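S.K.: I would like to see how this sequence folds:
(2 chains)
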There are 2 protein chains.
Amino acid sequence: MGEPQHSLGTLTVVGVGLIGGSLAGALKAAGCVSEVIGYSRSQRNLRQALELGLIDRWTTDLTKAVAGANIVVLAAPVFAVVNIFARLADTIGNDTLVTDVSSVKQPIIKAARTHLGENFTRFVPAHPIAGSEKSGATAARATLFRDHWTIVTPVSETDSDAVTCITGMWRAAGSRIIEMPAADHDRLLAMTSHLPHALAYALVAQLGEQVGSDVSLQLAAGGFYDISRIASSDPVMWRDIFLSNREQVVARLQEYRESLGSLADLIAAGDSDALTEWLERARDLRERIGALRTDNEAP
Amino acid sequence: MGEPQHSLGTLTVVGVGLIGGSLAGALKAAGCVSEVIGYSRSQRNLRQALELGLIDRWTTDLTKAVAGANIVVLAAPVFAVVNIFARLADTIGNDTLVTDVSSVKQPIIKAARTHLGENFTRFVPAHPIAGSEKSGATAARATLFRDHWTIVTPVSETDSDAVTCITGMWRAAGSRIIEMPAADHDRLLAMTSHLPHALAYALVAQLGEQVGSDVSLQLAAGGFYDISRIASSDPVMWRDIFLSNREQVVARLQEYRESLGSLADLIAAGDSDALTEWLERARDLRERIGALRTDNEAP
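M.R.: Numbering: from 1, shown residues only, chains lettered A, B, ... in the order given. Next up, the predicted model:
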């Protein structure tokens, strides 16, 4: 990567799950951290992360976890991150950088601004656009971020050296960087990620109400499998995302409901030409999205 | 497979696309057909099927295509199949079996009953639950049906020897067989296949309205990719499915819209416990569906 050895120093990962664990693994593989400390409420997950070599040591004491850290990465569900800032304010050093990986940025920034005081200038909000329906340290992969975008959403107070350091960290993990305002991020992700997850959960819920037997479920497994894959995602993580981005998520859900209503009308009316045209437009756009994928994103 | 050599005789495939081509390839690989004749309106697709060794010869003359066939497999979009029965009635032999692969069974059976006359007893409605968002002969794979279910929906008039022969054909292609009434099939598939396809098309359509730039689309490519994959499916094929099973599809769409409305209400109300419980139930069912998949269905 061309990074100087251990240039990022000591990294503390709060929440060593899929994202936190993968970032730790990627930075260790790239040789640009001197030590990785894992913090979490679950000892089991921390032990697994240690066994997998994702972290060098762990503690369930937050003060000890962040003592001496050069960078603290908050990789827990949104409300857990929101609640941790007050506890961080008095424990982190005066040079420590703080960043997060949350799928919703505005409430995180608001909590950080409220609680971090002078340290707020060294908080860099970020979101790597990579993941999987799997969760926990055992699902972590050092290559998870390779060729994927990481969105950073600094605010006017954010120190530009801090942004440079955190974007350097994500580049070292293999990621590409794009910067945008937090509000744009939350609106975009509601459409591209939060809405699709809500749809997948709702589809599986409806199947559960209508289809009982294992054979029928097995018949469903083919075409149904891909579209419902993300409904295997962690319920607590997604509860937090839906609730913390609720205005955008509810707006997208209502638009989608209207769009389904129009589709149902086209079908009910038997409007063959309009239906064909509508399906062709969607198919063409889906092909365009497919062509934009990078190799690492391909299945 | 233990099938006697060429036991199925001459097979005519009407529509040598993903399903028709894969079936032809599977039966040739299993050595249980003496000759496969391809019929289609597109010479280009037929030439590709011939080059790929899926068929032995082709014609765009339906009468020639079915002359001397032991089995005629109708593997075209629903309304193309519906419209072909009238032309088949006078051209097929008195021993020829006819079957189809359509995702909607009741309108196919109705058309067959209307037009096939005495030959209707030798029509076996069938639907292999396998596929892909890709279409055409070039997407065909001889292993497509291995360990996948094929649903057969014979009616009271259907000759039992004809059912035995057609189920034997699908078993030779690697498929498992399940029999159910056509109405049950159409209701089940509306839920497990037609609704998910409608949702994927609608999701891509909404993205198209809201997200313009290539970078934003690329940011969408990750989690959005799997859930929208089936929106790459053939628009004509799916127009026919939606319209020919419209009552069921519209009913499932309306139920789904209501379900999304309830979800939006939970989110808007910030009902954290109820939302968590709802997400956990869906996640658990999705895990159960995943565990029911066979090895061949796994990605």
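
S.K.: What is the subsequent helix or strand relative to the helix or strand bottoming out on mean pLDDT in chain A?
M.R.: Counting by mean pLDDT, DSSP states H and E, the weakest-scoring helix or strand in chain A turns out to be helix A:214-228, with a mean of 74. Per DSSP states H and E, the first helix or strand lying C-terminal to helix A:214-228 is helix A:235-244.

S.K.: average pLDDT for that following helix?
M.R.: In this model, helix A:235-244 carries a mean pLDDT of 96.

S.K.: what ranges do the helices span in chain A?
M.R.: A:18-29, A:43-51, A:62-66, A:78-89, A:106-116, A:160-172, A:182-189, A:195-210, A:214-228, A:235-244, A:246-269, A:272-292 (DSSP state H).

S.K.: With just CA atoms, put the first one into PDB.
M.R.: When you say that, I think you mean helix A:18-29. Output of helix A:18-29 as PDB, limited to C-alpha atoms (Å, rounded to 0.1, in the frame of the first residue of the first chain):
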ATOM      1  CA  LEU A  18     -18.400  -7.700  10.600                       C
ATOM      2  CA  ILE A  19     -17.300  -4.100   9.800                       C
ATOM      3  CA  GLY A  20     -15.100  -3.400  12.800                       C
ATOM      4  CA  GLY A  21     -13.400  -6.800  12.600                       C
ATOM      5  CA  SER A  22     -12.900  -6.600   8.800                       C
ATOM      6  CA  LEU A  23     -11.300  -3.100   9.200                       C
ATOM      7  CA  ALA A  24      -9.000  -4.300  11.900                       C
ATOM      8  CA  GLY A  25      -8.000  -7.300   9.800                       C
ATOM      9  CA  ALA A  26      -7.400  -5.200   6.700                       C
ATOM     10  CA  LEU A  27      -5.200  -2.700   8.600                       C
ATOM     11  CA  LYS A  28      -3.200  -5.400  10.300                       C
ATOM     12  CA  ALA A  29      -2.700  -7.100   6.900                       C
END
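
S.K.: quick one: buried residues of that helix?
M.R.: Buried residues in helix A:18-29, counting neighbours by 16 or more other CB atoms under 10 Å in any protein chain shown, are found at A:Leu18, A:Ile19, A:Gly20, A:Gly21, A:Ser22, A:Leu23, A:Ala24, A:Gly25, A:Ala26, A:Leu27, A:Lys28, A:Ala29. Glycine gets a C-beta too; all of them are placed from N, C-alpha and C.

S.K.: Which strands or helices does it pack on?
M.R.: strand A:10-14, strand A:35-39, helix A:160-172 (3 or more CB pairs under 8 Å, 6 or more residues apart in numbering or on different chains; DSSP states H and E).

S.K.: pLDDT averaged over that helix - what is it?
M.R.: pLDDT averaged over helix A:18-29 gives 97.

S.K.: For that helix, what is the distance to the chain centroid?
M.R.: 14 Å (CA atoms, centre = their mean, to the nearest Å).

S.K.: What lies in contact with that helix?
M.R.: A:8, A:11, A:13-14, A:16, A:33, A:36, A:38, A:49, A:52-55, A:73, A:75-76, A:101, A:128, A:130-132, A:134-137, A:139-145, A:169, A:172-174 (CB atoms under 8 Å, 6 or more residues apart in numbering or on different chains).

S.K.: now it against helix A:43-51, angle please.
M.R.: Per axes from the mean of the first three to the mean of the last three CA atoms, to 10 degrees, the angle that helix A:18-29 makes with helix A:43-51 is 20 degrees.

S.K.: Find me the pLDDT at the residue nearest the centre of chain A, would you?
M.R.: Most central in chain A under CA atoms, centre = their mean is A:Ser103, positioned 4.7 Å from the mean C-alpha point. On pLDDT, A:Ser103 comes in at 96.

S.K.: which residues sit in contact with it?
M.R.: A:Ser103 sits in contact with A:Val78, A:His127, A:Leu189, A:Ser193, A:His194, A:Ile241, A:Asn245, where contact means CB under 8 Å, 6+ apart.

S.K.: for A:Lys134, same thing?
M.R.: Neighbours of A:Lys134 in contact, by CB under 8 Å, 6+ apart: A:Leu18, A:Ser232.

S.K.: mind checking the backbone torsions on it?
M.R.: Main-chain torsions, A:Lys134, degrees, to the nearest 10: phi -90, psi 160.

S.K.: Okay, it and B:Ile109: tell me how far apart.
M.R.: 43 Å (CB to CB, to the nearest Å).

S.K.: What number of residues are in the vicinity of A:Asp61?
M.R.: 9 (other CB atoms under 10 Å in any protein chain shown).

S.K.: Flag the shaky bits of chain A, pLDDT-wise.
M.R.: A:1-5, A:212, A:221-223, A:294-299 (pLDDT under 70).

S.K.: quick revisit: who wins for proximity to B:Gly290 among the helices of chain A?
M.R.: helix A:214-228 (7.4 Å; CB to CB).

S.K.: What residue, apart from its backbone neighbours, is nearest A:Arg171 spatially?
M.R.: Computed as CB to CB, 6 or more residues apart in numbering or on different chains, the closest residue to A:Arg171 that is not its neighbour in sequence is A:Ile177, at 6.5 Å.
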